[in-house]
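1. Would you be able to build a 3D model of this:
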Amino acid sequence: MASTLPRSANQPPPLEGYDLYGENRPLVEAVAREGAGWAEAELRGLGGLLGGEPLELGRLANENPPLLRTHDRVGNRIDEVEFHPAWHRLLGLGLAHALHASPWLEPRPGAHVARAAGFLTLAQVEAGVGCPLSMTFASLPALRAEPELYDEWASLLTSTVYEPGLRPAAEKAGVLCGMAMTERQGGSDVRATETVARPAGDGEATLHGHKWFCSAPMCDAFLVLAHAPGGLTCYLLLRVLPNGERNAFFIDRLKDKLGNRSNASSEIRLEGALARRVGEEGRGVRTIIEMVAHTRLDCVLGSTGLMRRAVAEATHHAAHRSVFGRSLIEQPLMQNVLADLCLDSEAATVLAMRLARAYDEEDVPFRRLATAVAKYWVCKSTPPLVAEALECLGGNGYVEESVLPRLYRESPLNSVWEGAGNVNALDVLRAVVRQPESLEALQAEIDLAAGADPRLDAAIADLRNELADPADVELRARRIVERLALCLQGSLLVRHSGPAVADAFCATRLGGEGGRAYGTLPAGLSLGSIVERHRPRV
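-> Residues are numbered from 1 along each chain as shown. Here you go, the predicted structure:
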C-alpha cells in the first residue's frame, strides 16, 4: 500500500537526479571555449550518471572508511587495506571514464580540458577517489624519465579496467600508482629525506626508511624518493614483486584524518623493499616534479569541484525554501550571500579550465607559474566558501545528511596536499626569479583584458608595482600570489563571463567595494542573474 504520509512542509527536495556537468553553466562554457567541445556528449553522459546513484555511493564510502588488515587469520603479515564496496564502485567509475589517463590515451587538442572537466565533476560526488586517480594520471610524466620503465608500465597505468587486490602487475589488466615523499622530519623539505637506497645492480636498489604520508597504499606501485650514493633519487617501488612475493612495504597505521575519510592515507616502513631507479641518480626531485605539477593541477580541479557542489546545494536550498511569505532565494540579503559565493565558484572554474588548456598546449612558461598561483588561491579560497554555503542551509546544513559537513571537512585538504600555502607562495617567488619567462607569460594572459575595465586596469598597475618592489619580498609572498590570482581571474571573467559576473567581481575583488565576509556585495549589481546562472534547474 502506498504511503499516505505528507511530504515535510517547506523542506527542499534532495538535490539529486540531475546532470552535474550540464547544470554547471560556467564549466560547460569553459569546455567549449578552451578547446574540448568535442567531448560535450561524453561529459553530459558522465554528469547525468554522477547525479544519480553515485551521490549515495559517496555517502556510503565516507560512512564506512577503510580498515587496515596487517595480518591474516593465521598471523601472516599481509598489510592490506579493506574498502567498502561503494569506494570500489566510485573508483572503478573514474577509471572507466579514463579520468586517470585520457590525455595519454588520446593526446588530441583539448584532451586535458576534457579530462579536467570530468575530474572536477567527479569531485562533486566524492573527493576521496580523486587521490589514486590523480597520482596514477601524474605518474606517467615522471616515468618518461626512464623510457624502458615507461614502455613497460604505460599500458597498465592507462588501462580503464579496475582490478583491486594485491597481485603481480603482469597478472592484472590495469594498475594504480601512488607516491611517497613526505617524512616526519622533513615534510615539504625533501632534502631532509632519510630513506636510503642501497644499489643492487642494473638500476635496482633496496629502500630502507619511513614515510609519514603515503596515500592510497592499496596501489600497485609507488614513486618514492630516497638517498642513493649519488644523491636524492626517484624509484618505482612495487607492492607485489613479479614472483608473487609481497615487497618489504609495511603499513604501520592509517591516518585518522579530518576529511578525505574514504581514502586511505598511511604511515609506511620500507625494510629492504626492492625498487627500480627512475631517471638519473641524484636527480630525484627533477624527476618527480612532473608528477607534482600534474597533481597540483588536480588540487585546483578538486577544490573547484567542492566549491561548485557547495554553491549548487546552497542555491538549490534557497530556491525551494520559503521564509516570511516568499522564497528564500528572493530575499535581498540571502541573494547577496549566494551571489557572492557564485562569484568565487565561477572565478575558480574559469581559472582551472584555462590552466588545463596550458597543459594541452605544452605552454610550459604559463603553466609553471599559473599552476602554483592557482593551487595557492583556489585551494585557499575553498574552506570559507563551503562554510558560508553550509550556513545558507541553517541548522539543516550542520547535519550530515545535508552533505555540507562532508564538504567542509574535505575543503582544507587540497591546500595542504602537494605543498601548503607557504610552500606554493614561495614556489611562485622562485619561479619569478629563476624563470622570468613564466611571469611574462602570466602577465601577457592578464593583459589580454587591458582596457576592458578600469578597476582591473588599476589592479594590474598595482600588481606591477608590487612585483617591482624587492623589499621584504618573502614576507609579502602571499600578498603577491593573491594579487596575481585575482588579476588573472578578473581578466578571464571580463573576457569570458557575462557582464553581471565580471562587474561584481571587479567591483569587490579588485575595486575594494566588498567586505571580508560573504554577503557584502554593494548595491547596483545584478545579483539575481548571477544566482540564477549557478542554480541547478531541479
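2. shouldn't residue 79 be in contact with residue 251?
-> Yes. With contact defined as CB atoms under 8 Å, residue 79 counts as touching residue 251 (4.6 Å). In this view, the C-beta of every residue, glycine as well, is placed from N, C-alpha and C.
3. Could you export stretch 419-435 as CSV, CA atoms only?
-> Output in CSV follows, covering the C-alpha atoms of stretch 419-435 (Å, rounded to 0.1, in the frame of the first residue of the first chain):
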residue,chain,number,x,y,z
GLY,A,419,52.7,21.9,-0.7
ALA,A,420,50.7,24.0,1.8
GLY,A,421,50.1,27.7,1.3
ASN,A,422,53.5,29.0,2.2
VAL,A,423,55.2,26.3,0.1
ASN,A,424,53.3,27.4,-3.0
ALA,A,425,53.7,31.1,-2.4
LEU,A,426,57.5,30.7,-2.1
ASP,A,427,57.5,28.5,-5.2
VAL,A,428,55.9,31.4,-7.1
LEU,A,429,58.7,33.7,-6.0
ARG,A,430,61.3,31.1,-7.1
ALA,A,431,59.7,30.8,-10.5
VAL,A,432,59.6,34.6,-10.9
VAL,A,433,63.3,34.9,-10.2
ARG,A,434,64.6,31.7,-11.9
GLN,A,435,62.2,31.6,-14.8
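4. So for it, mean pLDDT?
-> Rounded to a whole number, the mean pLDDT of stretch 419-435 is 93.
5. quick one: contacts of it?
-> Stretch 419-435 is contacted from outside by 188, 292, 296, 365, 368-369, 372-373, 375-376, 380, 415, 438-439, 467, 473-474, 477-478, 480-481, 484, using CB atoms under 8 Å, 6 or more residues apart in numbering.
6. So how do I select the buried members of those in PyMOL?
-> In PyMOL syntax, the buried subset of those is picked out as below (16 or more other CB atoms under 10 Å):
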select buried, resi 292+296+365+368+369+372+373+375+376+380+415+438+439+477+478+480+481+484
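7. ranges for the strands of this structure?
-> Counting by DSSP state E, the chain has strands at residues 67-71, 77-82, 177-180, 196-201, 204-215, 221-228, 231-238, 249-254, 265-278, 322-323, 326-327.
8. can you list residues touching both of residue 79 and residue 251?
-> What both residue 79 and residue 251 touch, as defined by CB under 8 Å, 6+ apart, is the set 68, 70, 217.
9. give the contact list for the last one.
-> Read it as residue 217. For residue 217, counting by CB under 8 Å, 6+ apart, the contacting residues are 79, 81, 178, 251, 264, 265, 266, 268.
10. Pull out the buried residues from those.
-> The neighbour-count criterion (16+ other CB under 10 Å) marks 79, 81, 178, 251, 264, 265, 266, 268 among the contacts of residue 217 as buried.
11. Residue 412 versus the fourth one, what's the distance?
-> Counting by CB to CB, to the nearest Å, the separation of residue 251 from residue 412 is 24 Å.
12. repeat for the last one
-> Counting by CB to CB, the gap between residue 268 and residue 412 amounts to 23 Å.
13. From residue 230, how far out is residue 282?
-> 4 Å.
14. and if you look at residue 368?
-> 27 Å.
15. Please apply the same query to residue 94.
-> Noted for residue 94: a distance of 38 Å to residue 230, by CB to CB.
16. between these two, which one's more packed in?
-> residue 94 (27 against 13; other CB atoms under 10 Å).
17. excluding its backbone neighbours, what's nearest that one?
-> Closest residue to residue 94 apart from its sequence neighbours, by CB to CB, 6 or more residues apart in numbering: residue 133 at 4.9 Å.
18. what's the answer for residue 10, then?
-> residue 322 (5.6 Å).
19. Tell me what that neighbour is bridged to.
-> Beta-bridge partners for residue 322, by DSSP bridges, are residue 327.
20. State the number of residues packed around it.
-> 13.
21. Same question for residue 58.
-> 25.
22. Test my guess that it contacts residue 123.
-> No. Counting by CB under 8 Å, residue 123 is not a contact partner of residue 58; they are 10.3 Å apart.
23. Low-confidence bits of this protein, can you list those?
-> 1-8 (pLDDT under 70).
24. Out of the buried ones among the contacts of residue 217, the closest to residue 288 would be?
-> Nearest to residue 288 among those: residue 178, at 12.2 Å, using CB to CB.
25. Return the distance of the residue lying closest to that closest one once chain neighbours are set aside relative to residue 395.
-> Of all residues not flanking residue 178 in the chain, residue 219 sits nearest, at 3.9 Å (CB to CB, 6+ apart). Using CB to CB, one obtains 40 Å as the distance from residue 219 to residue 395.
26. more crowded one of the two?
-> When residue 219 and residue 395 are compared for neighbours, residue 219 comes out ahead with 24 against 8, by other CB under 10 Å.
27. circling back: format the strands of the chain as JSON lines; extra columns: distance to residue 23.
-> Shown next, in JSON lines, are the strands of the chain (distance: least, CB to CB, whole Å):
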{"stretch": "strand 67-71", "distance to residue 23": "36"}
{"stretch": "strand 77-82", "distance to residue 23": "35"}
{"stretch": "strand 177-180", "distance to residue 23": "33"}
{"stretch": "strand 196-201", "distance to residue 23": "50"}
{"stretch": "strand 204-215", "distance to residue 23": "31"}
{"stretch": "strand 221-228", "distance to residue 23": "37"}
{"stretch": "strand 231-238", "distance to residue 23": "41"}
{"stretch": "strand 249-254", "distance to residue 23": "36"}
{"stretch": "strand 265-278", "distance to residue 23": "32"}
{"stretch": "strand 322-323", "distance to residue 23": "23"}
{"stretch": "strand 326-327", "distance to residue 23": "19"}
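28. so which of these comes closest to residue 46?
-> So among the strands of the chain, strand 177-180 is nearest, using CB to CB, at 23.0 Å.
29. Quickly run through the sheet partners of that closest one, with directions.
-> In its sheet, and by DSSP bridges, strand 177-180 pairs with strand 221-228 (parallel).
30. from the chain's centre, how far out does the partner strand sit?
-> The chain centroid and the centroid of strand 221-228 are separated by 23 Å under CA atoms, centre = their mean, to the nearest Å.
31. Let's see it as CSV, backbone CA atoms only.
-> The C-alpha atoms that make up strand 221-228 are tabulated as CSV, following Å, rounded to 0.1, in the frame of the first residue of the first chain:
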residue,chain,number,x,y,z
ALA,A,221,53.3,0.8,-7.4
PHE,A,222,54.7,4.0,-5.9
LEU,A,223,57.1,6.6,-6.9
VAL,A,224,59.4,7.1,-3.9
LEU,A,225,62.3,9.5,-3.1
ALA,A,226,65.4,8.0,-1.4
HIS,A,227,69.1,8.9,-0.9
ALA,A,228,71.3,6.9,-3.2
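32. Alright, calling it a day.
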